[in-house]
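Chemist: Coordinates for the following, if possible.
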Amino acid sequence: MVTSVAKPKVAMNQPHLSQTERYIIALLNTMNYRQKQIAATLCRSPSSISRELKRNTTAQGYNAIDAIEQARTRSLNSRNARRIDADTLDAVKAKLRIEHSPEQIAAHLPISHSAFTNSFVPTSATVARCTNTVAVKSNAANVMVQA
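Modeler: I've put the predicted structure just below:
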């Protein structure tokens, strides 16, 4: 008796690989799985896996932690990334020094900062990303930002 196994459907609504998926790719890659097998396991397109391995494989091989950091860096440097002007960044830093949370800063900035009349108002997530970026730039020894 032959039983057929249904092929997993490829998810088309997930544009970015998650951290967990990158760890799975690293594990399966070290176990010598083929790219098609990794793609089937993750329900992703084989081209997505191929692209991920091509972008993030170094002479030492594929490392999930390095891949996550490189993806985060590409995202921050993307032309679609939201930019915060210098005045806003200074205002955020000042609020961080007096231990305000990203939520408090995002709620308070539009009221206190007159530059937001016709520009983009940062959300708490944007403020949190901004603080992580500032931490990385100010501390060269910091290799990976925890988000």
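Chemist: Please, where are all the strands along the chain?
Modeler: 57-58, 61-62 (DSSP state E).
Chemist: Columns mean neighbour count on top of those strands, output as CSV?
Modeler: Backbone N, C-alpha and C define where each C-beta goes, glycine included. CSV is the format used below for the strands of the chain (neighbours: other CB atoms under 10 Å):
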stretch, mean neighbour count
strand 57-58, 12
strand 61-62, 16
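Chemist: Dump these into CSV; add mean pLDDT and distance to residue 92 as well.
Modeler: Below are the strands of the chain laid out as CSV (pLDDT from 0 to 100; distance: least, CB to CB, whole Å):
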stretch, mean pLDDT, distance to residue 92
strand 57-58, 90, 34
strand 61-62, 93, 35
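Chemist: for this protein, where's the lowest mean pLDDT among helices and strands?
Modeler: For the chain, using mean pLDDT, DSSP states H and E, the weakest element among its helices and strands is helix 124-138, scoring a mean of 57.
Chemist: model confidence over stretch 79-94, on average?
Modeler: Averaged over stretch 79-94, pLDDT sits at 72.
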